[in-house]
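Return atomic coordinates for the entry below.
(one chain, ligands or ions: 3)
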Amino acid sequence: MKSIKVGLLGVGNVGSGTFNVLQRNQEEIRRRAGRGIEVVAVSARNLERAKERTGGKVKVVADPFDIVNDPEIDIVVELIGGYDQAKALVLQAIANGKHVVTANKALLAVYGNEIFAAAQAKGVMVAFEAAVAGGIPIIKALREGLTANRIEWLAGIINGTTNFILSEMRDKGLDFATVLKQAQELGYAEADPTFDIEGVDAAHKATIMSAIAFGIPVQFDKAYVEGISKLNAIDIRYAEQLGYRIKLLGIAKRAKVNGVEGVELRVHPTLIPAKRLIANVEGAMNAVLVQGDAVGATLYYGKGAGSEPTASAVIADLVDITRLATADAEHRVPHLAFQPNELTNIEILPMAEITTSYYLRMNVSDQPGVLADLTRILADATISIDAMMQKEPADGETRTDIIFLTHQTQEKNVLAAIAKIEGLATVCGSVTKIRLENLA
Ligand SMILES: NC(=O)C1=CN([C@@H]2O[C@H](COP(=O)(O)OP(=O)(O)OC[C@H]3O[C@@H](n4cnc5c(N)ncnc54)[C@H](O)[C@@H]3O)[C@@H](O)[C@H]2O)C=CC1
Ligand SMILES: N[C@@H](CC=O)C(=O)O
Ligand code: NA
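Ligands and ions are numbered 1, 2, ... in the order given. Sure, this is the predicted structure:
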């Protein structure tokens, strides 16, 4: 049978990995897909480098539209990243009746609704396994393996760069800038690494997973996004002493507020009990924990970033498309797991309405009555204390840190209590608040 012809947009980390793995495993892949999958053209900014990376075996073009408009090409693989040009290329490929594979979570989290609608109308597939947790087949698991379940929540370490930074800082005492540079050299970081550090990349991925898990449109603009740039080393140490690890988690969770169903969609540093498997996911590894009503908890672990791990997911999509290309469009797996006319608009909850536990650290005068004031404020805000730690003041110091771990409460209660605590004359500076999830 005639091989499937692929055009690759971008021959960077993931593009070159995709090319290499396709070459190396071509026979194995052909036996699985039922026909060969062949890259026939690539587009690149640096033509010489692209020729080197593809060993002079394929056509190399400067204009990516030459690929999306090439009638010979069946599948366009978008690996250039970014928003505007990627969107124009993907929509043009769809309009030309080509299937698309992309690793671009930024594109899908922001423009996914439009892109999937265009693909649906044209009867083509847009596959994106590589966009979430790199090589881990989490899209496949959520969309197909867990299809019997009502998904209750999912929580994941879904940014390799920040997990690598947190691990290296904790284990080797390296500074932030040094580790970030290493992550960039290893090909983990986004072109703009603030996307990693400020939690934007994780929020893109959490947004995509929330849509697939709950049957809602992608709504990145409603996600709460907080990265690791303001995290203090002291809180990482205190968390350890209390039996927790701090991880940047992406969370999507069903919740009810006043009897009305909503969805929590949030990314932030999170204390997790150190005994949980997911708390021990280190380096650039990713892990996603999914709670389904029938199956219970399932955990997906693996490399979430890097050239060949991500290529593994890109190629899995190429094989899927090759197998399904001749199937009736209605009999394919829907882009967002639910049939397009079955998506619902459950509200994404504002952060004030979410419910979780909290780590609160404050620096206080070491004098009688301080603790009583603090516990009264927490009680008045209906916040119940789960644990407390008070450090002895250092020699010659009159101030010390107090840390509270709370039971579950609404974020608005915590914000109100913090405002009062910060107003106390005995409390110095601002209160550090880090959310805590038991993930049980
Ligand atoms: N690096 C990783 O571990 C992962 C990356 N991704 C996603 O994969 C995509 C690619 O990422 P990387 O390969 O890491 O980036 P990269 O920066 O290494 O590669 C992108 C390549 O596209 C080229 N390019 C940019 N605009 C172009 C254009 N208009 N025409 C032709 N080529 C163009 C660049 O010159 C570069 O060589 C991004 O969307 C990224 O978010 C997804 C999962 C993991
Ligand atoms: N920059 C991302 C790459 C994979 O999606 C990460 O660090 O996880
Ligand atoms: Na994946």
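
Run through the residues that contact the closest residue to ligand 3 within the stretch 301-440 of the chain.
Residue of the stretch 301-440 of the chain nearest ligand 3, by Cβ to the ion: Ala313 (4.5 Å). (Glycine included, C-beta is placed from N, CA and C.) Listed by Cβ atoms under 8 Å, 6 or more residues apart in numbering, the contact partners of Ala313 are Ala103, Glu129, Ala130, Gly134, Gly135, Ile136, Pro137.

any residue of the helix or strand hosting it up close to ligand 1?
Per DSSP states H and E: Ala313 is located in helix 307-324. Yes. Contact between helix 307-324 and ligand 1, assessed by Cβ under 6 Å from any ligand atom, occurs at Thr310.

can you pull the buried residues of that helix?
307-322, 324 (16 or more other Cβ atoms under 10 Å).

now do stretch 327-344
Buried residues in stretch 327-344, counted by 16+ other Cβ under 10 Å: Arg332, Val333, Pro334, His335, Leu336, Ala337, Phe338, Leu343.

try stretch 36-53
With the criterion 16+ other Cβ under 10 Å, stretch 36-53 contains buried residues Gly36, Ile37, Glu38, Val39, Val40, Ala41, Val42, Ser43, Ala44, Ala50, Lys51, Arg53.

same question, stretch 179-188
By neighbour count on 16+ other Cβ under 10 Å, the buried set for stretch 179-188 is Val179, Leu180, Ala183, Leu186, Gly187, Tyr188.

Could you dump those into CSV with distance to Pro71, secondary structure and pLDDT added?
CSV is the format used below for those (distance: Cβ to Cβ, whole Å; DSSP: H, G, I helix; E, B strand; the rest coil; pLDDT from 0 to 100):
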residue, distance to Pro71, secondary structure, pLDDT
Val179, 47, helix, 92
Leu180, 44, helix, 94
Ala183, 40, helix, 93
Leu186, 39, coil, 93
Gly187, 33, coil, 90
Tyr188, 37, coil, 92
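
give the contact list for Gly112.
So Gly112 contacts Ile208, Ala211, Pro217, Val218, His335, Leu336 (Cβ under 8 Å, 6+ apart).

now, which of those lie within helices?
Ile208, Ala211 (DSSP state H).

wait, which of the contacts of Gly112 is closest to ligand 1?
Ranked by distance to ligand 1 (Cβ to the nearest ligand atom), those are led by Ile208 at 11.6 Å.

The closest one reaches Val132, doesn't it?
Yes. Between Ile208 and Val132 there is a contact at 5.5 Å, judged by Cβ atoms under 8 Å.

after the helix or strand containing Gly250 comes which helix or strand?
Applying DSSP H and E as the criterion places Gly250 in strand 244-257. Remark: after strand 244-257, the chain's next helix or strand is strand 260-273, criterion DSSP H and E.

That following strand to strand 244-257, inter-axis angle?
Interaxial angle of strand 260-273 relative to strand 244-257 (axes from the mean of the first three to the mean of the last three Cα atoms, to 10 degrees): 170 degrees.

Sort out which residues of strand 260-273 are buried, please.
In strand 260-273, counting by 16+ other Cβ under 10 Å, buried: Gly262, Val263, Glu264, Leu265, Arg266, Val267, His268, Pro269, Thr270, Leu271, Ile272, Pro273.

chain center to the very next helix or strand once past that strand, what's the gap?
Once strand 260-273 ends, the next helix or strand along the chain (criterion: DSSP H and E) is strand 285-292. Centre-to-centre, strand 285-292 and its host chain are 11 Å apart (Cα atoms, centre = their mean, to the nearest Å).

Tell me the helices and strands packed up against the very next helix or strand once past strand 285-292.
With elements assigned by DSSP H and E, the helix or strand that comes after strand 285-292 is strand 296-303. Packing contacts for strand 296-303, counted by 3 or more Cβ pairs under 8 Å, 6 or more residues apart in numbering; DSSP states H and E, involve strand 285-292.

I'd guessed Asp293 sits against Arg150; true?
Yes. If you go by Cβ under 8 Å, Asp293 and Arg150 touch, sitting 4.5 Å apart.

contacting residues for Gly123?
Residues in contact with Gly123 (Cβ under 8 Å, 6+ apart) are Gly97, Ala329.

swap the cut-off to 7 Å and go again
With contacts defined as Cβ atoms under 7 Å, 6 or more residues apart in numbering, Gly123 is in contact with Ala329.

next one: phi and psi at it?
Note on Gly123: backbone dihedrals following degrees, to the nearest 10 are phi 80, psi 30.

so how far is Asn345 from it?
Distance, Gly123 to Asn345, using Cβ to Cβ, to the nearest Å: 25 Å.

Equivalent analysis for Thr162, please.
According to Cβ to Cβ, Thr162 stands 31 Å off from Asn345.

Gly160 now?
32 Å.

Who has more neighbours out of these two?
Taking neighbours as other Cβ atoms under 10 Å, Gly160 and Asn345 compare with Gly160 leading, 28 against 9.

need the residues of the stretch 251-400 of the chain near ligand 3, please.
Residues of the stretch 251-400 of the chain lying near ligand 3 by Cβ under 5 Å from the ion: Ala313.

can you narrow the buried residues of stretch 179-188 to ones near ligand 1?
For ligand 1, the contacts drawn from these by Cβ under 6 Å from any ligand atom are Gly187, Tyr188.

Need the nearest residue in space to Val124, chain neighbours excluded.
In this structure, Val124 finds its nearest non-sequential neighbour in His99, 4.9 Å apart by Cβ to Cβ, 6 or more residues apart in numbering.

show me what contacts the one you found?
Neighbouring residues of His99 by Cβ under 7 Å, 6+ apart: Asp74, Ile75, Val124, Met125, Ile321, Ala325.

Who does the strand holding Gly250 pair with, and is each partner parallel or antiparallel?
Sheet partners assigned to strand 244-257 using DSSP bridges are listed as strand 151-157 (antiparallel), strand 260-273 (antiparallel).

Return the list of helices and strands in contact with the next helix or strand after the shortest one.
Looking back up the chat, that one is strand 151-157. Counting by DSSP H and E, the next helix or strand C-terminal to strand 151-157 is helix 160-172. With contacts taken as 3 or more Cβ pairs under 7 Å, 6 or more residues apart in numbering; DSSP states H and E, helix 160-172 sits against helix 176-185, helix 194-197, strand 244-257.
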